[in-house]
Each structure stands twice: as C-alpha cells, then as structure tokens.
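Colleague: take a look and give me a structure for this.
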Amino acid sequence: MIVAVSGMDSLGERAAKMREALQKSQTITDNVVTILGSFDSRLSVLETAMRPTQIRTHAIRKAHENIDKTLKAAEVILTQFDASRQAEAKILKGPHEDLESYLEAINQLRSNIRFFSGNKGFKSSDAVINNANTLLAKAISKLEDEFKQLLALYSKPVETDRLFECLPESMRPSSESPGNPFSGKNNHHEHQNGASETGGFKHLTLIPPRILPLLHDLALQMVQAGNQQQLLRIYRDTRSSVLEESLRKLGVEKLSKEDVQRMQWEVLEAKIGNWIHFMRIAVKILFVGERRVCDQIFEGFDTLLDQCFAECTTGSVSMLLSFGDAIARSKRSPEKLFVLLDMYEIMRELHSEVEGVFGGKACNEIRESMFGLTKRLAQTAQETFGDFEEAVEKDATKTAVLDGTVHPLTSYVINYVKFLFDYQTTLKQLFQEFESNGETNSQLANVTMRIMQALQTNLDGKSKQYRDPALTHLFLMNNIHYMVRSVRRSEAKDLLGDDWVQRHRRVVQQHANQYKRNGWSKILQCLSTQGLTSSGGGGSAVPGEGGSGSGASRGLIKDRFKTFNVQFEELHQKQSQWTVPDTELRESLRLAVAEVLLPAYRSFIKRFGPLVESGKNPQKYIRYSAEDLERMLGEFFEGKTLNEPRR
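Modeller: Just a heads-up that it's a prediction; the model follows:
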C-alpha cells in the first residue's frame, strides 16, 4: 500500500510541473504576439513615410532613361548628317577619280532619304530629304555622262581583219583579192564544209572585260533611279552606229531593188557571194559578241536587256537584209536560181543562231524580218524553177547547130540539173517550206523530169530546122544521148530511176536507126539487084539470078556504079562535117553503117564487078574498094569543116 501511495504522489508532482510550464509558455506567446503587433504598426507608419521618396526615385530613373534614348537618337541623326556630308563631298567631286566611292555615296544618299522619310517627326526631315533628292538627281546625271563617256570610249568599229580572225580556218578569205576577198570562194561547197566547223568560230571581244562590270554598276544605278529610257537611248545611239560602221568596213551596202536591177550579172553575182559571207560573220560573230556585251551590262533586268539589244542591232540587220530582199524581189532569171539557193541556204544555216541571239519579245520584229527573207528567197527560187521549165520549153534561140552536135541549150540545161543535185538537201528544205507531205524526193524528181521533158520538147522543135531527115535524127540522137549519159553519171540517176534511163536509151537507138534508114537507104538501093535485068539491048550481060536466064545490062551496072560513087562522095563530104561528139556513140554509128554498107558493096562488086572490069576504064566506075569505103567511113561525124578543133 505504501508503495502505491508513493507512486501516485510522484505522478501528481509531474502533472503540476507540466501545468506550470504550459502557463509560462502561454505567457511568452502572448508577449511575442504583443511585440509583433507593435512592429506591424510601426512598419505601416514607416511605409507611409517612405512612399514620396520612392516616387521621386522612380521619376529620376525614368528621366535618365529618356535622356539616354534622346542622346542615342541624336547620335543616329548626327551620324546620318555626317554620312550625308561625306556623300555630298564625294558626289561634288564627280565619278572620274573614284567611281566605286562615288557609287557608295549614291547608295548612302538613298539610305539617308529612307531614314529621314521614316523619321518625319524630326523638324528638319523635309529639308534634309529635299536636299538629298536634289543631290541624288545631280549624281545620277553625272552617272549618265560617265556611262555615256565610258561606253563611247571603248566602243570602236571592228576592223575587218579582226572579224576574219574569228572565222574557222577554212572560211577565211584569200589575201589575193583585197578588194573582193571572198570572190574566189565557192559559197555552196564552202558552206557544206563549214557547217561541221560551227565550233570553230572564235569569240569577238567588243568591249574590254574589265570595263563591263563598271558599265553594269552604272547601268544598275540608272535603273534604280528610274532612268531606263535615258540608259536605253545612250546605249542604242552609241552601239548601233558602231555596229553599222563595222559592217560598212566589212563591205556591207544597203541596196535597193532598183540598184540591183541596174547591176551587170558578174558584179551582182560577186556581191551575192560576199553577202553570204557577210551574213555569217554578222550573225555568228558580230551580233553574238554584241549579245554578250548586253548580257553583262544589263544582267538582272532582262526586259531592258532585250530592248537595248534589239534597238542597237535593228539598223545593222536592216542593212544586211536590204540586199537579200532586193535580190528576192528583183526580176527572176534562170541564172539567179543557184545564188538564190545559196542565199536561202545561209539563212537556213543561221536559223538557230537567229532564234538564240535574237530571243525575247523585243526582238520579235528582227526575227520575223530574217525568217521572212528566208521565205521570200524560197518563194522566188520555187518560182524561178517554174520560169526555167517554161523558158526551156519555149527557148527560141536561133543558134545554128549545122553539124547536128549537142545543142548549147542541152548542155546548159544538163549542167543546170547537175547543179541542182549539188543542192539536194537545200531543195528538200525549200520544198518543205510549201509542202507538208514530206515527199521531197518525189518533188525533186518531178521537177527534174519536167525540165528534161521541156528540153526534149524544145529539141524536137529545133530538129525540124534541118532539111535533111538524116541530120534531124542525128541531132536528136546526139542530144538525147548526152542527156542519158549525163544522168547515168550523176546523182540524177538515183532520182529519175533506171526506167527513165532505159526508156531514153531506146529513144537514142530509135533515132540512130532512123538516121541509117534516112541517110543510107537511097545509096543501098544502088547496090540492090532490083532493076538490073534486061530483056535485050546492047552490051554484054551476066547471068541473072534465080535461073531466069536473063542478064544484067553492062550499061545499067555502070550507071549503078556511077550513081553509087556520086552519092557516097556526097555523103562523105556532107557527113564528115556532121558531128557525133561522144566517141563511143560515134564508133558505134560508123560500125552500124559499115555492117550494112560494106557487105552489100562487096556482094555487088563480086557479082557485077567482072562485067565492068572487062570493059574500058573500069576504075572510072569502080573507084573504091571495100577497104577504101571503110577508111572513109572512119572520117564521118568528125566535124571536119568546122572551126572547132577536130574531135
């Protein structure tokens, strides 16, 4: 029990101590709360007292910030003023001393104008902008002068030798003919060779490469200032005159149709040959060079580039095309066909260069004028074909071919046709200008056949001028044989075909047969037995044929020999003046006559010669042996009495 009471007392003591501690803690807490409340009251009073000071400090800070901004803005404005003064100083000096700095000054002026235009609040902005614009206008005016002077300084007519040096080696003219350097060239064949040398054309430097960037920078400033028209005028006036003078130095003339009509053919033909070379040089060298200059000076503004190039080349193109157009529109004649084809050929050759160099809308008129000339040349050439065909058929020249040889018209027409086949490719292109079916081979064949038929028709008419039918057929034989031989030896054979050749060979043979029939039938009658039998009369007779018992009269035999001699001598005298110019045909014709005449003569002498030989003066009647006749036949068709050399 005592132990229990003691434990309880101890527990009570502990509880009493805990109450005491809690009471003290509460007292401390209450004291702290009282103190903190006192602080809060004091802080509120302090904050109220500090607020005016804080407001004044914030205002001072804001004022400093505004001052800094104003100072910086003023510094920027002063910098712009300073830059403007520096730019003005450079511009007043002009672009001659330092073009690069001058261009920088112009750019600075533009920058200043943009700056003050965006800062209209600045009191003097308008005055500054007006001053800068006035200065900029003066600067651009000086730039125009500089562009003009610089372009003129380096724009000189191109010497002819420099143009020739840009040609491929095979196209360069001969130094033997300085007045007419291309006169010895065959334009057509030279073109055939030169076409594969397109890469052989060298670039022509018209303006030094170091000057082109300066001209470009000047042009750029003028474009930015809106002075495109002044730029165009300066470039056109300067470069167009230089190009035209370069062409005049080369030999290009601006000729009218009337000028062309008055020229002698030899002079005109030479000028046409030169014109073909001039066109090639102008387009492939001179205009290509000018295009490169335009491309570099006006890089970045294509519309102006094309317009400048078009306007500076228009006059030169007109100079060149005037002559071609005059030829195409002048009176047609057969000899002009081949030069027309040469001219058409060069225009076709230059087609791709024209499309490339004169690209762009501004050059439309130039392109059309060039392609228009191509069409006119093709049209005139085609019409000349028709004229030639008609002229051949109706040729009424009175040229006498007394010996029956090949007529000049025949050789002229055949040579004409041969030349046509040198132009096969060109002719096919020409036919395609007007036909869309693509049958250009058959068209060329038809043209050739019509010309050949026209020639035959004319020859038939000319053959009727001969009184001797044998000479008529000899003439036709010679001429048609010449046609056949020429076709067989040329490309015309592939076009006209074997059928044409064989058909006309038969015509030659028919005329040869007609010649023999008309030329020798009468004399062969002298060697026949018809009419030699006699029922009586004076003189001896020889036994007749067929066992009739009748004989041939010596008198009739003598008359036959006398008639034969006279006729053969006449034939020899006459036909040794006739001509068969082809050796093979001449020998063939002699052989054909000999094969008929000599056997008949030998047979006649063998049968009737003894009757004459037994009488008086047999040599008076039998003047020739068969061998004599054969030798004399060898003198036929030699044209002996003609002034021409003996064939």
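Colleague: contacts only, for G324.
Modeller: The contact partners of G324, by C-beta atoms under 8 Å, 6 or more residues apart in numbering, come to 275, 279, 343, 347, 373, 377. Glycine gets a C-beta too; all of them are placed from N, C-alpha and C.
Colleague: to the chain's geometric centre, what's the distance from the host helix or strand of the second one?
Modeller: Applying DSSP states H and E as the criterion places M279 in helix 265-281. Averaged C-alpha coordinates place helix 265-281 at 14 Å from its chain's average position (C-alpha atoms, centre = their mean, to the nearest Å).
Colleague: in the chain, what secondary structure element scores lowest on mean pLDDT?
Modeller: Here the helix or strand of the chain ranked lowest by mean pLDDT, DSSP states H and E is helix 187-194, holding a mean of 44.
Colleague: which parts of whichever helix or strand comes after that helix are buried?
Modeller: Toward the C-terminus, helix 187-194 is succeeded by helix 212-224 as the next helix or strand (DSSP H and E). For helix 212-224, burial by neighbour count (16 or more other C-beta atoms under 10 Å) applies to 212, 214-215, 217-222.
Colleague: do stretch 420-435 as well
Modeller: 420-423, 426-427, 429-431.
Colleague: quick check: end-to-end length of that stretch?
Modeller: End-to-end distance of stretch 420-435 (C-alpha to C-alpha, to the nearest Å): 19 Å.
Colleague: for E345, give its distance to F338.
Modeller: Going from E345 to F338 by C-beta to C-beta, to the nearest Å gives 10 Å.
Colleague: these two - which one has more neighbours?
Modeller: E345 (24 against 20; other C-beta atoms under 10 Å).
Colleague: returning to that earlier point: packing partners of the helix holding M279?
Modeller: Counting contacts by 3 or more C-beta pairs under 8 Å, 6 or more residues apart in numbering; DSSP states H and E, helix 265-281 packs against helix 187-194, helix 228-250, helix 302-329, helix 336-349.
Colleague: mean pLDDT lowest for which of these?
Modeller: With a mean of 44, helix 187-194 has the lowest mean pLDDT of these.
Colleague: mind listing what E269 touches?
Modeller: Taking C-beta under 8 Å, 6+ apart, one finds V339 in contact with E269.
Colleague: tell me the confidence at it?
Modeller: At E269, the pLDDT value in this model is 93.
Colleague: could you do N441 as well?
Modeller: On the pLDDT scale, N441 is placed at 68.
Colleague: just P543 next, same as before
Modeller: pLDDT at P543 comes out at 47.
Colleague: check L585 too.
Modeller: 95.
Colleague: try the one 4 residues further on
Modeller: Looking at L589, its pLDDT stands at 96.
Colleague: tell me what the helix or strand hosting it is packed against?
Modeller: Per DSSP H and E: L589 is located in helix 583-613. Identification of packing neighbours for helix 583-613 by 3+ C-beta pairs under 8 Å, 6+ apart yields helix 469-488, helix 492-526, strand 541-543, helix 554-575, helix 626-633.
Colleague: out of these, which one sits most buried?
Modeller: Of all the helices and strands packed on helix 583-613, helix 469-488 has the most neighbours on average by mean count of other C-beta atoms under 10 Å, namely a mean of 22.
Colleague: how far does that helix sit from its chain's centre?
Modeller: Using C-alpha atoms, centre = their mean, the offset of helix 469-488 from its chain centre is 41 Å.
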